[in-house]
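**Student:** Fold the following and give me the result.
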Amino acid sequence: MANIPRIGQLDRRIEIQESTELRSATGSRTLEWTAVARCWAGVEHANTGNNEQVAGDQPVATTRIKFIIRYRSGLTENMRILYNSEYYDMLPPFEHLGRGNDGYLVIPAQKQV
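**Tutor:** Here you go, the predicted structure:
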């Protein structure tokens with residue numbers, strides 16, 4: 001879907017979330033995720049880009065995917081996407097397709113397996 005998609009290709013529901021850091025009375029920090037937007041998206045699974053690494057003596061596999069949504073400003077790599085009950089970290093750079101606010105946004109993302 002590297003070309004400008006047809007609107008009918010945006011057939012999956014996703015939720016874009018952002019985190020807020022909270023402090024308890026004892027001073028411990030926790031992250032709370034809240035929904036910024038729920039929108040329709042196209043999903044493109046990568047043929048390559050899946051990866052395996054070792055972190056903390058444990059094997060960690062990552063899966064990459066691209067989400068295509070109608071253009072939306074204000075998105076950052078500190079946000080995440082909820083899709084099919086799984087969380088994906090957004091990876092910059094985001095690619096803008098089309099013109100101005102009438103275009104689309106391609107958001108690369110990954111999840112740890």
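**Student:** what about this structure, any weak spots by pLDDT?
**Tutor:** Within the chain, the stretches with pLDDT under 70 are 1-2, 47-58.
**Student:** so where's the longest strand in it?
**Tutor:** strand 29-45 (DSSP state E).
**Student:** for that strand, which positions count as buried?
**Tutor:** Neighbour-count burial for strand 29-45 flags 39, 41-44 (criterion: 16 or more other CB atoms under 10 Å). All C-beta atoms are positioned from the backbone trio N, CA, C, and that covers glycine.
**Student:** Also stretch 106-113?
**Tutor:** Residues of stretch 106-113 classed as buried by neighbour count (16+ other CB under 10 Å): 106-111.
**Student:** Which ones among the residues you listed lie within strands?
**Tutor:** Per DSSP E, strands hold the following members of the buried residues of stretch 106-113: 106-111.
**Student:** So which of those is the closest to Thr26?
**Tutor:** Nearest to Thr26 among these: Lys111, at 31.4 Å, using CB to CB.
**Student:** what pairs with that closest one across the strands?
**Tutor:** Lys111 has these beta-bridge partners by DSSP bridges: Thr63.
**Student:** Repeat that for Glu32.
**Tutor:** With DSSP bridges as the criterion, Glu32 is bridged to Thr20.
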